[in-house]
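In: what's the 3D shape of this:
(one chain, ligands or ions: 1)
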Amino acid sequence: MDPVDRIIAANSPDHARHLLIVDAPGLADEGTARAGRVSVWCDDIRDRALVADELLIPRLDAAALADVDLVWMRLPSALGGLDEYAELVAAFAVPEVQLVAGGREKHLSRSMNSALARHFSSVAASLGQQKSRALLASGPSRAGHLSWPKHKRLDIGGEQIDLWWHGATFAAGRVDDGTRLLIDHLDRVADADRYLDLGCGSGLLAALLTRTHPDSTVAAVDASWAAVDATRRTAGAAVEAHWASGLDAFDDQSIDVIVCNPPFHRGAAKDSAPALTLFAEASRTLGPGGEFWCVFNSHLPWKSRLSQLIGPTTLITQNRGYTLTRSLHQ
Ligand SMILES: C[S@@+](CC[C@H](N)C(=O)[O-])C[C@H]1O[C@@H](n2cnc3c(N)ncnc32)[C@H](O)[C@@H]1O
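Out: Alright, predicted model coming up:
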């Protein structure tokens with residue numbers, strides 16, 4: 001068993017009536033042995049694929065939490081993600097609920113204890129084991145109202161956008177510097193019928209595309225539920241938002257223009273593999289002459305990879321942090 005999963009299980013009561021497992025698909029079997037009923041929530045659709053269908057819940061909401069007395073959770077990398085989960089558990093699980101949240105010691109911070117302490121009267125840390133540790137919370141304080149998801153009004157070049165985000169949504173209410181660079185050049189993307197925001201986060205790029213191309217189709221894809229739900233709220237019904245990893249839902253040559261601020265890590269680990277897989281997927285789904293607009297950290301050697309995987313790639317602009325390119329599919 002993975003050390004983080006092990007420390008969660010080791011610091012937990014032996015039995016529960018209803019165990020909820022959050023973002024820890026590797027604990028499903030252990031949970032089934034310990035609890036009368038097990039439900040599993042995974043924000044990342046790739047994690048859901050690792051869990052038996054009958055254990056998965058479609059939403060993490062009041063109904064899913066109604067009789068939960070034990071929660072096992074891998075600590076989210078974003079503090080807001082932990083705050084949102086803790087708020088939901090405290091609001092809707094039974095009063096005697098116990099929450100056991102585990103992570104690698106190098107990723108733990110005091111702020112995580114504070115996030116839990118906003119929603120539970122008792123918060124303690126386990127002893128460390130194999131460079132991992134668990135945070136234990138009990139005594140839920142029921143919130144009068146839920147503070148997640150959050151939203152705010154942005155003025156982007158004169159367009160008023162109501163930006164929504166969950167705790168785990170990328171950039172969490174900020175406009176990421178890379179995204180900003182792409183926004184500043186969004187008027188240069190081709191006029192086309194079918195646009196896609198690949199790895200849409202809060203859906204800002206998709207929302208802007210619906211404003212500038214109101215007669216076109218705009219789709220958005222993200223592997224994270226926190227992103228897809230935020231996109232549905234930010235961009236509304238004008239965007240077809242898919243909770244998916246990659247582009248299986250799209251036929252070959254079915255898209256004209258893709259905009260993408262790709263992932264350069266998964267969880268806390270830096271990793272180029274997911275982005276390179278997305279580039280290959282983009283190549284399959286773009287029609288001839290289709291455009292792939294991509295913004296990425298300037299130190300990454302992705303311009304040549306884009307040329308190999310999609311087609312001739314032009315440097316549009318670059319600053320100290322970010323590079324913006326356009327690749328033409330052939
Ligand atoms: C750098 S963020 C960009 C988000 C948003 N487009 C923006 O600019 O603010 C990358 C996004 O890609 C998503 N992502 C990561 N792997 C993915 C995959 N295999 N398929 C779809 N989306 C993915 C992440 O969840 C994240 O929201």
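In: Residues of the stretch 51-200 of the chain that sit close to the ligand?
Out: Phe170, Ala171, Asp176, Thr179, Gly199, Cys200 (C-beta under 6 Å from any ligand atom). From N, CA and C alone the C-beta is placed, and that goes for glycine too.
In: What distance do you get for the third one to His166?
Out: It refers to Asp176. 16 Å (C-beta to C-beta, to the nearest Å).
In: who's more crowded, those two?
Out: His166 (25 against 18; other C-beta atoms under 10 Å).
In: Contact partners for that one?
Out: Going by C-beta atoms under 8 Å, 6 or more residues apart in numbering, His166 touches Gly80, Gly81, Glu84, Trp148, Pro149, Ala226, Ala227, Asp229, Ala230.
In: and the second one, what are its phi and psi?
Out: Backbone geometry at Gly81, expressed as degrees, to the nearest 10, gives phi -60, psi -40.
In: for it, what are its contacts?
Out: Asp43, His166, Gly167, Ala168, Ala226.
In: Including pLDDT, could those residues go into TSV?
Out: Shown next, in TSV, are the contacts of Gly81 (pLDDT from 0 to 100):
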residue	pLDDT
Asp43	98
His166	98
Gly167	98
Ala168	97
Ala226	98
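In: Just the buried ones from the residues you listed, in ChimeraX syntax?
Out: Burial among the contacts of Gly81 is assessed by 16 or more other C-beta atoms under 10 Å; the matching ChimeraX selection reads:
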select :43,166,167,168,226
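In: Now go through the contacts of Gly81 and say which are in helices.
Out: Ala226 (DSSP state H).
In: quick one on the thing from earlier: most neighbours among the residues of the stretch 51-200 of the chain next to the ligand, which one is it?
Out: So for these (other C-beta under 10 Å), the most neighbours sit at Cys200, 32 neighbours.
In: How about that residue: what's its closest non-neighbour residue?
Out: Using C-beta to C-beta, 6 or more residues apart in numbering and skipping the chain neighbours, the partner closest in space to Cys200 is Ala220 (3.7 Å).
In: Go ahead and list the helix or strand containing that neighbour.
Out: strand 217-222 (DSSP states H and E).
In: What is that strand packed up against?
Out: Counting contacts by 3 or more C-beta pairs under 8 Å, 6 or more residues apart in numbering; DSSP states H and E, strand 217-222 packs against strand 194-198, helix 204-212, helix 225-235, strand 239-243.
In: Which of those sits closest to Ala49?
Out: strand 239-243 (12.0 Å; C-beta to C-beta).
In: tell me what that closest one is packed against?
Out: Against strand 239-243 (3+ C-beta pairs under 8 Å, 6+ apart) you get helix 204-212, strand 217-222, helix 225-235.
In: Out of the residues of the stretch 51-200 of the chain next to the ligand, name the ones that lie in helices.
Out: Thr179.
In: Out of the residues of the stretch 51-200 of the chain next to the ligand, which is nearest to Ser307?
Out: Nearest to Ser307 among these, with distances taken as C-beta to C-beta, is Gly199, at 20.1 Å.
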